[in-house]
Every structure is written in C-alpha cells, then in structure tokens.
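Novice: I would like to see how this sequence folds:
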Amino acid sequence: MIPGILQAGLVSAGTDIITVSTERVKPGFMFHALSIVARDINNAVATYIEVGILDGTKEIPIDSTPGNFPANTTHTVYWPCIIAEGQRVYAKFNAPTAGDKCEVYAHGFYEEMLPPCD
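Specialist: Numbers count the residues shown, from 1 in each chain. Here you go, the predicted model:
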C-alpha cells in the first residue's frame, strides 16, 4: 500500500462546462480513492459539480451534486472507489467564470496489481 493523491487543476476559459482530469493511474497499479474533492477556488458554482472516472474517453459518473458551492468550498465524495490502471478521476464544473481555477483531488493509496494465477 502506497499513500497517494491524484490531482489536477485547470483555469477556465469561460466555457459552459469545464472538465478537469487527473493523471492516469500508474501502470501495474490500481488506486483506491477514499475520498474525492472538487472546487472552484475563485467563484461560486451555482449549478452543479460532477465527479467521476475517465476510462479512455468514457466518463463514468460517481456523483453529481447541485450547487450552490461558495468559492473555495469543496464538493466531496466520501465513499471509496477503485480506479484501474490507466484510468483518471475527473470533475466537471458547469458554467465557471473565465479565469477561475478549478481543481480535483482524489485521496487514497496505490496497490500493486498481482499477476493472474495459472
């Protein structure tokens, strides 16, 4: 078990929806996320924040919670989930203001994948 954090941040260009995604889970490992948080540092999110897993280009939502989230306040997913090798965590923010810094963090640990049994 190796403690870790998957994280990412992106500055909004003022589009309708912005999706922030973390780095991929390392080859040969899976990541056990114990909690995932997403926030807009600069302004309130009045509509919703969606959190999920990216598998290639496929979005697998875990939770979508309606706002209002005041500036620098997290939407937090408290239940654990497993993110497989090559997958990423994402957070989708609806209607952020141009220049807003949006972030996502998955807190948990890496576990080495065992080779298949013969």
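Novice: which residues of the chain score low on pLDDT?
Specialist: Along the chain, segments meeting pLDDT under 70 span 118.
Novice: at 80 what do you get?
Specialist: 15, 115-118 (pLDDT under 80).
Novice: can you give the contact residues for stretch 49-68?
Specialist: Here stretch 49-68 makes contact (Cβ atoms under 8 Å, 6 or more residues apart in numbering) with 21, 36, 38, 44-48, 69, 75, 77, 81, 83-84, 86-94, 104. Every C-beta, even on glycine, is put in place using the N, C-alpha and C of the backbone.
Novice: filter these to the buried ones?
Specialist: The neighbour count (16 or more other Cβ atoms under 10 Å) marks 21, 36, 38, 44-45, 48, 69, 75, 77, 81, 83, 87-94, 104 as buried among the contacts of stretch 49-68.
Novice: just checking: what are the partner strands of the helix or strand harbouring E111?
Specialist: If you go by DSSP states H and E, E111 is part of strand 101-112. Take DSSP bridges as the rule and strand 101-112 pairs in its sheet with strand 2-11 (antiparallel), strand 29-40 (antiparallel).
Novice: which among these is found nearest to A98?
Specialist: strand 2-11 (8.7 Å; Cβ to Cβ).
Novice: strands paired with the helix or strand following that closest one, and their directions?
Specialist: For strand 2-11, the succeeding helix or strand toward the C-terminus, using DSSP H and E, is strand 17-21. As defined by DSSP bridges, the strand partners of strand 17-21 come to strand 88-94 (antiparallel).
Novice: what's in contact with the partner strand?
Specialist: With contacts defined as Cβ under 8 Å, 6+ apart, strand 88-94 is touched by 6, 12, 16-25, 33, 36, 38, 40, 45, 47-54, 59, 64, 75, 83, 100, 102-104, 106.
Novice: can we see that at 7 Å?
Specialist: Applying Cβ atoms under 7 Å, 6 or more residues apart in numbering, the contact partners of strand 88-94 are 6, 17-24, 33, 36, 38, 40, 45, 47-54, 59, 83, 102, 104, 106.
Novice: return that strand as PDB; C-alpha atoms alone will do.
Specialist: The C-alpha trace of strand 88-94 is given here as PDB (Å, rounded to 0.1, in the frame of the first residue of the first chain):
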ATOM      1  CA  ARG A  88      -8.300   9.000 -14.300                       C
ATOM      2  CA  VAL A  89     -10.500  10.900 -12.000                       C
ATOM      3  CA  TYR A  90     -12.500  13.900 -13.400                       C
ATOM      4  CA  ALA A  91     -14.600  16.800 -12.100                       C
ATOM      5  CA  LYS A  92     -17.000  18.600 -14.400                       C
ATOM      6  CA  PHE A  93     -17.900  22.200 -13.500                       C
ATOM      7  CA  ASN A  94     -21.000  23.800 -15.000                       C
END
